[in-house]
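Visitor: The sequence and its predicted three-dimensional model are supplied below.
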Amino acid sequence: MTTTEGNVRKSESWNSRLGVILAVAGSAVGLGNFLRFPGQAAEYGGGAFMVAYFISLALIGIPICWAEWTMGRYGGQYGFNSSPGIFRLILKHPAGKYLGVLGVVIPVTIYMYYVYIEAWCLGYAVNFLQGGLNFGESVTIDNYINYFNTFIGAAEDGSALGFDINQVGIYIVLVFFLNFFLIYRGIAKGIEFFCTYAMPTLLLLGIIVLIRVLTLGAPNPELPEQSIINGLGHMWNPGNLFEKLKNPQLWIAAAGQIFFSLSVGFGVIITYSSYLSEKDDVVLSGLTATSANEFCEVGLGGMITIPAAFVFLGAAGIAGQGTFGLGFKVLPMVFSQMPAGALFGFIFFFLLFLAAVTSSLSMLQPGIAFLEEGLGINRKQSVAILGLITAMGSMFVVYFSKDMKALDTIDFWVGTFLIYLLATIQIIMFGWVIGIKKGWEEAHKGAEMRIPNIFKVIIKYISPVFLLTILIAFILEKIVGINFETGEFSATGYVADLIGGENHEKSPVALMSVGVIGAVIVFVMILINTAGKRWDKLDEEGKRP
Amino acid sequence: METGGWISMILSVGFVTTMFITCLYKVLTYKESTEHMHGMNIESDDLEEDDKI
């Protein structure tokens, strides 16, 4: 929303139906689809994980998605495009706006480290093209581990700031300016324009890589068991299905994947949908954006990453690799070994780069919307303020690159914990504050399909209970440090980094990272207080739609 | 690859692909799908000023 001096008016909107769907899908499709999901599914046993995954999709993913789309469009009718404004409107209480603080803090803070990862993708794509990732015949995984550590500056703080083509610095500058250029262009000319081309390109590139992977056969005649069929088996074999489903960690992992994958609880969808009008459908649009994300995740990510890695490295080469290990150490080696590997390596990392840009753009818009509607400033001013804040945050993350400590700490506390919290607030707000009856009517305005009535019960009772259960289990496991199998407690690394623990010293970088998160929260709270006064004045003067 | 793996893969990939194609088909064939949305302006004031310059 753009405001004029002392007045308020709605001024931005999407250009087309497909545009908003592609933008929301673009927001959701990111590195998690191609790296995190396959790693998680393979770790917990494909079949068992997928049961928990689809149940989580039905019970929290799709319901929260519809709730966010509906609340966003509702807020947009009253001139609000950010969570603080929309929450204030829905709760009909001045304190409501403070509850929306997470809807600004989460995307803005995640952007600070996400742009760093985005730069890795661009850097890897460029280096595949120019041969920087070709280590010749006697290649080992250590070559790629060393390359990654040097590229991102994992060995020492400050070492990521080099501007050589084999260092991440130059790529950070490029992607940072690309994001802010597009966001400055606005909803239709920036975000929608980019996503309209980027998303179909991403799908096409994904299908090209998929065909390449599925036709690999068994490339090493000496290891016929390392075939693509066995690679698919490594990804999808269910093992002992019922025994695995008893593991609470599997459910936390599956629900978490749905969350991070769909971008629900980020504060992004609520902002994007606020640029719709009351006559625009949100039910089918929301489901279409969700299904696009699911296709990229399960249909492409699930079929490419693990099977390809298995064919060249076997089960032992994949075991224990996290998201980044799989994506930036294992896969580059895999691509370098396959025929036309430089080309396919470039395509894959350029695909990841496109997915990352469409996601990072969506992280900036809630901040831009809040600054413009809260402070009554124009686009240039809001871009300048947000650019300064995120540049400082990104510099912090990039400078403290040793062992990715700053990135990892902020990702845990904001990119995991706070997202659960915001999603819980959102679903309770839709089901209990707006109420199912009114929420249902609001969701179906302009709707091109009906939401099955069973979702009334799901949204009101099952989703909040499921979410709260997962949230409590997450706190117990990841923060309190309970082992569900033995019942013993021990401080997790993230907590021990802050308070110290047995054989674990406090980490100054982790403490500073939490300080950065706290500073962003306090800063946004102060801005919300200022915005509230402005909104109250506009309400008194009757200038709100 | 075990039989359970084939079933798990075909059901999972088949479900998401069918859902995606069905939703996309509905969106693209809906009569108003090519019409513009209902917002008022596309750009903020400062961008409009830039265009004038």
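Guide: Arrived safely. Numbering: from 1, shown residues only, chains lettered A, B, ... in the order given.
Visitor: count of neighbours near residue 25?
Guide: Picking chain A for this. Residues within reach of A:A25, counting by other C-beta atoms under 10 Å in any protein chain shown, total 27. C-beta: built from backbone N, CA, C; applies to glycine.
Visitor: sorry, should have said chain B
Guide: Residues near B:Y25, counting by other C-beta under 10 Å: 11.
Visitor: what helix or strand is it on?
Guide: Per DSSP states H and E, B:Y25 falls inside helix B:3-29.
Visitor: Pull out the buried positions in that helix.
Guide: Buried residues in helix B:3-29, defined by neighbour count with 16 or more other C-beta atoms under 10 Å in any protein chain shown: B:4-5, B:8-9, B:12-13, B:15-16, B:19-20, B:23-24, B:26-27.
Visitor: ok, the residue lying closest to A:L351 once chain neighbours are set aside to chain B distance?
Guide: Among residues not flanking A:L351 along the chain, A:L205 sits closest, at 4.2 Å (C-beta to C-beta, 6 or more residues apart in numbering or on different chains). Distance, A:L205 to chain B, using C-beta to the nearest C-beta, to the nearest Å: 17 Å.
Visitor: I'd like to know the average pLDDT value across the helix holding B:Y25.
Guide: For helix B:3-29, mean pLDDT is 93.
Visitor: before we move on, the earlier item: what pLDDT, on average, does the helix or strand that contains the residue nearest to A:L351 get?
Guide: Using DSSP H and E, A:L205 sits in helix A:193-214. Helix A:193-214 comes out with an average pLDDT of 93.
Visitor: Next, the angle from the following helix or strand past that helix to helix B:3-29.
Guide: With elements assigned by DSSP H and E, the helix or strand that comes after helix A:193-214 is helix A:228-236. For helix A:228-236 against helix B:3-29, the angle by axes from the mean of the first three to the mean of the last three C-alpha atoms, to 10 degrees is 80 degrees.
Visitor: Following element in sequence after helix A:228-236, please.
Guide: helix A:241-245.
Visitor: Next, the buried residues of that next one.
Guide: In helix A:241-245, counting by 16+ other C-beta under 10 Å, buried: A:244-245.
Visitor: Could you find the closest non-adjacent residue to A:A67?
Guide: Here the residue nearest A:A67, using C-beta to C-beta, 6+ apart, is A:F430, at 3.7 Å.
Visitor: I'd like to know which elements the helix holding B:Y25 is packed against.
Guide: Under the contact criterion of 3 or more C-beta pairs under 8 Å, 6 or more residues apart in numbering or on different chains; DSSP states H and E, helix B:3-29 touches helix A:17-28, helix A:46-56, helix A:228-236, helix A:283-294, helix A:302-318.
Visitor: Output those helices in JSON lines, with distance to A:T486 and mean pLDDT appended to each entry.
Guide: JSON lines is the format used below for the helices and strands packed on helix B:3-29 (distance: least, C-beta to C-beta, whole Å; pLDDT from 0 to 100):
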{"stretch": "helix A:17-28", "distance to A:T486": "37", "mean pLDDT": "89"}
{"stretch": "helix A:46-56", "distance to A:T486": "22", "mean pLDDT": "90"}
{"stretch": "helix A:228-236", "distance to A:T486": "28", "mean pLDDT": "91"}
{"stretch": "helix A:283-294", "distance to A:T486": "35", "mean pLDDT": "94"}
{"stretch": "helix A:302-318", "distance to A:T486": "27", "mean pLDDT": "87"}
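Visitor: I'd like those helices as CSV, with distance to chain B appended.
Guide: Listed next are these as CSV, based on distance: least, C-beta to the nearest C-beta, whole Å:
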stretch, distance to chain B
helix A:17-28, 5
helix A:46-56, 4
helix A:228-236, 3
helix A:283-294, 4
helix A:302-318, 7
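Visitor: These: which one's closest to A:V514?
Guide: Proximity to A:V514, assessed across the helices and strands packed on helix B:3-29 by C-beta to C-beta, is greatest for helix A:17-28 (26.3 Å).
Visitor: Show the subsequent helix or strand relative to the closest one.
Guide: With DSSP H and E, the next secondary element past helix A:17-28 is helix A:31.
Visitor: Counting by contacts, list what that next one packs against.
Guide: helix A:341-375.
Visitor: packing partners for the next helix-or-strand element following the helix it packs on?
Guide: Where DSSP H and E defines the elements, the next helix or strand beyond helix A:341-375 is helix A:379-399. Using 3+ C-beta pairs under 8 Å, 6+ apart as the contact criterion, the elements in contact with helix A:379-399 are helix A:101-129, helix A:169-186, helix A:341-375, helix A:405-412, helix A:508-540, helix B:45-52.
Visitor: and if we set it to 6 Å?
Guide: helix A:101-129, helix A:169-186, helix A:341-375, helix B:45-52 (3 or more C-beta pairs under 6 Å, 6 or more residues apart in numbering or on different chains; DSSP states H and E).
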